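# using only what follows, build the 3D model:
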Amino acid sequence: MSSRAKDLHDLLTPREELLRVNNANARETSLLTREKFDRMIAGARAATFIEPGVAFLLAFEQSDEYDGAHFSWFRGRFDKFLYIDRVVVAHGYRRLGLGRMLCVGLFQRAARLGHVNIVCEVNMWPPNPISDSFHSAQGFAEIGQATMDGGAKSVRYLLRRSSEAD
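This is a model prediction of the structure:
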């Protein structure tokens, strides 16, 4: 983990700001209550952030307790994986490499844990071209699609095969 990225599990101070950052981007991620955010952090294999609360990443291992539908999709297809639930960067801090920094830390953790498969999903509808570009640059490729909420939302499922070279 980079010296700028910190573990979020034991810290309470940045959570309110990070929750605001998440909810400002709810169209791309999902709206969270304080209670749900706290449960996600507690259950996440990786919960890291960039000070002063401007970016964060939450990721779950296949055996973690998590009820997300997309997580379940991957659980039904892979025996072992790390699922990136969200990488969120505040609007004023984008294009500074913070999301990439968080991902690189996760890729290093994945290698230590023996994970080859790192997975996530990105919205197709509503479209999220910034996330598409970001994930492509991180080496993710599409392996599936899904539509939900009566067609109101559709996603692309992505996979990045990790290696010790990361």
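
# and the residue lying closest to residue 8 once chain neighbours are set aside, bridged to which residues?
Once flanking residues are discounted, residue 8 sits nearest to residue 47: 4.0 Å by CB to CB, 6 or more residues apart in numbering. For the C-beta atoms, the positions are set from N, CA and C on the backbone; glycine is no exception. Residue 47 has these beta-bridge partners by DSSP bridges: residue 58.

# identify the residues contacting residue 47.
7, 8, 9, 40, 41, 56, 57, 58, 59 (CB atoms under 8 Å, 6 or more residues apart in numbering).

# could I get the buried residue list for the helix or strand that contains the fifth one?
Just to be clear, that refers to residue 41. Residue 41 is part of helix 34-43 when elements are defined by DSSP states H and E. Residues 37, 40, 41, 43 are the ones in helix 34-43 that count as buried (16 or more other CB atoms under 10 Å).

# pLDDT and distance to residue 82 added to those, as CSV?
Output for the buried residues of helix 34-43, formatted as CSV (pLDDT from 0 to 100; distance: CB to CB, whole Å):
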residue, pLDDT, distance to residue 82
37, 96, 20
40, 96, 15
41, 95, 16
43, 96, 13
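
# let me see the contact set for residue 135.
With CB under 8 Å, 6+ apart, residue 135 has these contacts: 120, 122, 158.

# could you redo the last one with a cut-off of 6 Å?
122, 158 (CB atoms under 6 Å, 6 or more residues apart in numbering).

# assumed it was part of a helix.
Yes - membership of residue 135 in a helix is supported by DSSP: H, G, I helix; E, B strand; the rest coil.

# that one and residue 142: what is the separation?
9 Å (CB to CB, to the nearest Å).
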